[in-house]
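> need coordinates for the following:
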Amino acid sequence: MAEPLDLSLAYQNISVFYSGVNNEEAVAWINGVQSSVQAWTLCDRILCERRDPLACCFAAQTLRQKIMKSLSELPKESYLSLRESLITHLSHIDVSAHDQVADATATQLCLAVADLYIQVPEWKNWVAELLNKFSALEGDRTRMLLTLLRVFPEEIQYSRVGENRRNEIRSELAESAASVFSYLTQVLEGYSNDQDMIKKVLLCLSSHLQNPALSTDYLASSPLLNTVFQVVAAPNAPSSLHDAATECVVSALIRAEDYQTHQALAMNLQTAVYQLHGPFNQAVAMEDMDKLQNFARIFVELAESFMEKLVNDGSDDPNSLGSIHTLELLLLLAGHHDYSLIEMTFNIWYRLSEGLFSFEDDQHIEKFKPYVQRYLAALYRHCRYDTEEEGIPDRDGDFADFRLKVVETVRDVVFIIGTESCVTSVGVFAYAETYAEFHSFKFSDAQEENNVIPELVQALVTLPLNSHPALLLTSIDLLGSASEWLSKNTSYLGKVVEWLLQLAVTPAFAAQAADAIEKISVRSSAELTHLIPLLVQLIPHLEASQSHGKKMETAISSCLKACTMLVMNLPADEIRARLVELCQPIIERLQMVGFIERNVNGANSTDAAPWLDIATELYKVLSEALKRYESTTRHQLLYVSRFIVRSLGVQSIGFVEPLITQMMDIFSRQHHSCFLYLSSILVDEYGGMESLQPGLMIMLETLAHGTFTVLTMENGPRDHPDTVDDLFRLAQRFVTRAPSVFFVHPVASALFECGMVCLSLDHQEANRSVTRFFTSIIEQLLSARKAGFRDQGVVAAEELVIVHGAKLIELCLHAAIFKVTGSLRRDLAEIVYMLSKIDRGKHKEWLIAGTSHLPRGPLAATDEQLEQFVDNITADPERVSMRDVYTQIRDLIKLYE
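Down below sits the predicted model:
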């Protein structure tokens, strides 16, 4: 048994730790103590002595962390004594003096009590007991009890205890809500002049409103709600108190979103929020941005909560739930000079437009037009640049970001009033406002309104080249976005491209102008082949620029891409000549060449590709670069090789074999994952050629075993996600391009087992490559069955899946529940679903075996729930879809977190 820790040493290290000076040894000592079982006793002793406030705070925090993460270190019979000990420590803390350290200590102990209670399912109905217990203590324990009552709903919201225990405690809290609200009302009455106490009451109320099991009928008519809005409306309310009241209102509105269940609360909230128009104007007059931000949150949340009623009913009666009067509050925000307020409303207007889009009733949509017109007018005002500002505006600043968002919101709502109405309003505003509108309008929203767009295009291409730089940049962007319209209205192409070329020679506009030309060339390449000489001449002009280096590189890249698209519309003999003209001067600039080859279509004919000789020369340069810089090989080198291989297809065979040999030689010394990436491209191109499959399998075996040495290290997959991504992309290409030789090779089994280990890697690209590897195997098997095809490869693949099926499902479920997040869980569910198509009978056995390894109990899923999970997936295989399986796994996850 370990000796008890030296208490004086603990105080010393804690003091040094909080000093922040030369505390490395203290940090190491504290980390060691916090991870040890002895921490329980040490922290209890420190709290009992109460001689050092900082040490007590440290002890309370440590106890809370131990309860959250290491409660299993204690025997269950000690839980009750731990709870009583925590309550005793709380009873000795005086928080009435507003001491920050004492407050922090009390909060940590309250959190510890809540976390302990949540993790002990045998304890029931303890919230009511808390009220009685603290009421019986000597002295005023109101602040302490308010903290306890606040943290319970918060902790159950975020604790990973499983849906069963979470719902149990939520129900308990809901049953105690009337008593809690009554107590909060009493506190407000007794401490009406104590702002700190009022704030604690509001925070406690806000916390309880987060409980979805809460009945709000009592609260709807409670004095508590009136107090909240009195604080929100008070012009002189301190910011912290106003913030707390705002949180209360927002929490209540979120709860009232289910307005059919919480009808009384919903109506009372809307009425109260509508009355905040005056207080908002007072805050505007006082220039109190903190309060204005709070009002904005409330107005936006009101619209969010009752959007369904607002869209469907469109009632102009303020006494009707979801009244269109709510939009007046949003326009109140839009009218303020600070654009951050109108920005907070963007999602509301998106939801409004999304809801109205499904309506075919023009009269109903007509109700919303005046509000949208006023909204757009406000956007125009906010978007304008200062007319006295010279030079090109910063495109990376907050205002530039805001203007980009304006583009999106105008796209969202413009259909409500019509694009023509939007565009014709250009003439209404002054110069600065006009080009704000240019920025906000997009041709893609008005492809059919040809009575407006031609005039706008004509106005743009006749702009003087000495116009304000902001106007020119916006106009360039606008014409670039018009590429689709221009492809259908080719009579305007010449004027547009000519105007853009004039701007492309100016460094300040070159990148944007070249980008616009590229976009137009993609859509209208056949009509613009006469541009090739002009673009070829433009490139050296851009290269010679002595300023805007990054922008010049971008502009040159766009010109090269545009040239490539145009060249591919020429006869074959001219293609070669033009590509030589483009490539020869820059053959040593490998990264630029990648841009050319990226867009070249593969050679489909039996004739030699016009660029074969150029590509061969390029390969020689690449090979020498790989050899010279093998220890620091850059991805760009191999990406250029990829573009060459893709552009030539099978005609690249002449240098692919020496490339593979060189890659394997370097990989034996330097495990660059980019070699795996390039290998997957080679397999994609040549994997279907039987004569090359043996050599490709040798390549795979060499690369895979070299990669396994990296991935089998401690935390290998986590530390090398790019390697995992590239390895399983390569493996998946073998599955689809050369399955017969792949599955009979021992490396297939090794990759299968390695893939199962990597399923728990919470990395988007890497995990997706792994799951795609498994689903591709199943798809190949299903495809072979459908075609009636069966060879040794099919047999070997089936054996792999059958042998590992149960383990694969077990690891998929474990990863989905405990390891990965987000959409990766859907990918894992797809594997579980697709395995049912291999063998329905075994699928149920695999699911039963897989779920048998999952934890059970009150803090996890019960036996009945796991059995139900299996039954829901396997009961009717013909009708169960991938979506159903994902839904079942998602519900299962809730039982564990």
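
> right, and the helix or strand after the helix or strand of the chain with the lowest mean pLDDT?
One helix or strand of the chain scores below all others by mean pLDDT, DSSP states H and E: helix 431-440, with a mean of 41. As assigned by DSSP states H and E, the chain's next helix or strand after helix 431-440 is helix 453-461.

> how about that next one: buried residues?
Counting neighbours by 16 or more other CB atoms under 10 Å, one finds that the buried residues in helix 453-461 are 453, 456-457, 460-461. Heads up, the C-betas are built off the backbone N, CA and C, glycines and all.

> same check on stretch 218-231?
219-220, 222, 224-225, 227-229, 231.

> for those, which one is nearest His242?
Checking the buried residues of stretch 218-231 against His242 with CB to CB, the nearest one is Val231 at 6.6 Å.

> what sits closest to the closest one if chain neighbours are left out?
Ala245 (3.9 Å; CB to CB, 6 or more residues apart in numbering).

> doesn't that neighbour lie inside a strand?
No: read with DSSP: H, G, I helix; E, B strand; the rest coil, Ala245 is helix and lies in no strand.

> now do the contacts for it.
202, 228-229, 231-232, 237 (CB atoms under 8 Å, 6 or more residues apart in numbering).

> in a markdown table, list the residues you listed along with distance to Arg737 and pLDDT.
As requested, the contacts of Ala245 are exported to a markdown table (distance: CB to CB, whole Å; pLDDT from 0 to 100):
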| residue | distance to Arg737 | pLDDT |
| --- | --- | --- |
| Leu202 | 64 | 97 |
| Val228 | 65 | 96 |
| Phe229 | 67 | 97 |
| Val231 | 67 | 97 |
| Val232 | 64 | 98 |
| Ala237 | 68 | 95 |
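
> between those, which is nearest Arg523?
Arg523 lies nearest to Val232 out of these, by CB to CB, at 52.9 Å.

> surely that closest one and Pro279 touch.
Yes: the pair Val232 / Pro279 is scored as a contact, 7.0 Å apart, by CB atoms under 8 Å.

> specify which residue of those two has the higher count of neighbours.
Val232 (24 against 17; other CB atoms under 10 Å).

> what helix or strand is the more buried one located in?
Element membership for Val232, per DSSP H and E: helix 223-233.

> packing partners for that helix?
Under the contact definition 3 or more CB pairs under 8 Å, 6 or more residues apart in numbering; DSSP states H and E, helix 223-233 sits against helix 177-190, helix 195-209, helix 239-255, helix 263-274, helix 277-285, helix 289-305.

> and the fourth one, what's buried?
By neighbour count, and taking 16+ other CB under 10 Å as the criterion, the buried residues in helix 263-274 are 265-270, 272-274.

> what does the last one give?
When burial is assessed from 16+ other CB under 10 Å, helix 289-305 yields the following buried residues: 291-303, 305.

> picking that back up, just send the helices and strands packed on helix 223-233 back as JSON lines, with distance to Leu711 too.
Shown next, in JSON lines, are the helices and strands packed on helix 223-233 (distance: least, CB to CB, whole Å):
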{"stretch": "helix 177-190", "distance to Leu711": "52"}
{"stretch": "helix 195-209", "distance to Leu711": "45"}
{"stretch": "helix 239-255", "distance to Leu711": "45"}
{"stretch": "helix 263-274", "distance to Leu711": "55"}
{"stretch": "helix 277-285", "distance to Leu711": "58"}
{"stretch": "helix 289-305", "distance to Leu711": "46"}
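
> lowest-confidence stretch among the ones you listed?
Lowest mean pLDDT within the helices and strands packed on helix 223-233: helix 177-190, at a mean of 92.

> contacts for it?
127-128, 131, 142, 146, 149, 173, 197-198, 201, 204-205, 208, 211, 214-215, 218-219, 222-224, 227.

> list residues touching both of Val232 and Pro279?
With CB under 8 Å, 6+ apart, Val232 and Pro279 have common neighbours Phe295.

> returning to what we had before: nearest to Asp398, of the buried residues of stretch 218-231?
Relative to Asp398, the closest of those is Val231; by CB to CB it sits at 31.0 Å.

> the closest one reaches Leu205, doesn't it?
No: applying CB under 8 Å as the test, Val231 and Leu205 come out as separate, 11.3 Å apart.

> Ala577 versus Lys561, what's the distance?
19 Å (CB to CB, to the nearest Å).

> residues contacting Glu779?
Applying CB under 8 Å, 6+ apart, the residues near Glu779 are Met834.

> repeat for Glu553
Taking CB under 8 Å, 6+ apart as the definition, Glu553 has no contacts.

> how is the chain carved up into domains?
1-123, 715-720+731-897 (automatic domain parsing).

> can you redo those as JSON lines, where the extra columns are distance to Asp313?
Shown next, in JSON lines, are the domains of the chain (distance: least, CB to CB, whole Å):
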{"stretch": "domain 1-123", "distance to Asp313": "42"}
{"stretch": "domain 715-720+731-897", "distance to Asp313": "31"}
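
> which among those is found nearest to Pro694?
Nearest of the domains of the chain to Pro694, taken as CB to CB: domain 715-720+731-897 at 7.4 Å.
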